[in-house]
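Peer 1: what follows is a predicted structure for the sequence shown.
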Amino acid sequence: MYQEERLLKILDQLKTHAQLSNADICELLDISRDTARRDIIKLVEEGAAIRTHGGIALPFFKEEIKAYKDRAAAASEQKLHIARVASAYIANGDVCFMDVSTTVRELCGQVEEHLTVYTHSLDNVEVLAGKTGIDVHLLGGKFFHDNRFFYDETQALQLNEVYFDKAFMGAAAIMEDGIYFANREDALIKKLVTGRAGKVYVLADMKKFSLTASFKGMEFSDIDVLITDGDPPEHLQSILRESGIEIIQTNGEGK
């Protein structure tokens, strides 16, 4: 089979699958890896495909990746803005709980005060470890890789011996009856902490109002302040108000 014929077959397959690995091409055409590599180089040189790790993809796939990265960067900006607003509520000498959350991790990067911080988040500890004047207490136990936190029942029960001035909590999903999380063990930590905190802040971008998760960690009655980047959905606004939650938007307007 001539190279031109092979290239047409590869392109036909790409139209269906959008991406192909080197092994896919070898199997499709019954050719060696060296021949597949030469065909890939030819398609890329002609602009008919783009290189990916271990294979090729249609050119539009590159645009999809860029769009995803742009959305992720925009989301990160929203989380950073929420974290900056939250940092204004931290006072020198506070004993705080910092939850597992990408937004709370951004908050950890903002704090400069002398604090005592408890957390079960590996990411938070990595951020706080380089800050002098912050006493960091990491709860140990089994490490949950997906959400990068530790949990052990005995370690968690030590929280009953601590009073937190403030707890800064995340959210996997904000649903009609409370705040939900992906892991049961993580949700149990939230329940312990909110019962031991003088003031509970939930930091959550607007996306969390459209998601669902499996395990409830907080009732709305547990929350004092919600810091978010827009108006909560209309069907939840009355529930939040009736629960006595102060809503702070990152544009500076409160509800």
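Peer 2: Noted; the coordinates are in hand.
Peer 1: next, give phi and psi for the spatially closest residue to Tyr151 that is not a sequence neighbour.
Peer 2: Leaving out its chain neighbours, the residue that sits closest to Tyr151 by C-beta to C-beta, 6 or more residues apart in numbering is Glu185, at 3.9 Å. Every residue, glycine included, has its C-beta placed from N, CA and C. When read as degrees, to the nearest 10, the backbone of Glu185 gives phi -60, psi -40.
Peer 1: ok, how many other residues are close to Glu185?
Peer 2: Using other C-beta atoms under 10 Å, the number of residues around Glu185 comes to 19.
Peer 1: same thing with the one 3 residues further on?
Peer 2: Residue neighbour count, defined by other C-beta under 10 Å, stands at 16 for Leu188.
Peer 1: that one touches Ala156, doesn't it?
Peer 2: Yes - using C-beta atoms under 8 Å, Leu188 is in contact with Ala156, at 6.5 Å.
Peer 1: domains in this structure, as residue ranges please.
Peer 2: 3-57, 72-249 (automatic domain parsing).
Peer 1: most packed of those domains?
Peer 2: With neighbours taken as mean count of other C-beta atoms under 10 Å, the domains of the chain reach their highest mean count in domain 72-249, at a mean of 18.
Peer 1: need the contact list for the most centrally placed residue in the chain.
Peer 2: Centroid-nearest residue in the chain: Thr102, 4.7 Å away (criterion: C-alpha atoms, centre = their mean). Residues in contact with Thr102, defined by C-beta atoms under 8 Å, 6 or more residues apart in numbering, are Lys79, Asp123, Gly170.
Peer 1: which one is the first one nearest to, not counting chain neighbours?
Peer 2: Leaving aside its chain neighbours, Lys79 sits nearest to Thr103 (4.3 Å; criterion: C-beta to C-beta, 6+ apart).
Peer 1: before we move on, what about the second one?
Peer 2: With C-beta to C-beta, 6+ apart as the measure, Arg105 is the residue that lies nearest to Asp123, at 4.8 Å, once sequence neighbours are left out.
Peer 1: now the helix or strand hosting that neighbour: mean pLDDT?
Peer 2: Per DSSP states H and E: Arg105 is located in helix 102-110. If you average the pLDDT over helix 102-110, you get 93.
Peer 1: right, and the helix or strand after that helix?
Peer 2: strand 115-119.
Peer 1: convert the C-alpha atoms of the next helix or strand after that following strand to PDB, please.
Peer 2: Toward the C-terminus, strand 115-119 is succeeded by helix 122-128 as the next helix or strand (DSSP H and E). Taking Å, rounded to 0.1, in the frame of the first residue of the first chain, the C-alpha atoms of helix 122-128 are listed here in PDB:
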ATOM      1  CA  LEU A 122      -2.300  18.000  51.400                       C
ATOM      2  CA  ASP A 123      -2.500  20.900  48.900                       C
ATOM      3  CA  ASN A 124      -3.100  23.400  51.800                       C
ATOM      4  CA  VAL A 125      -0.100  22.100  53.700                       C
ATOM      5  CA  GLU A 126       2.100  22.500  50.700                       C
ATOM      6  CA  VAL A 127       1.000  26.100  50.300                       C
ATOM      7  CA  LEU A 128       1.200  27.000  54.000                       C
END
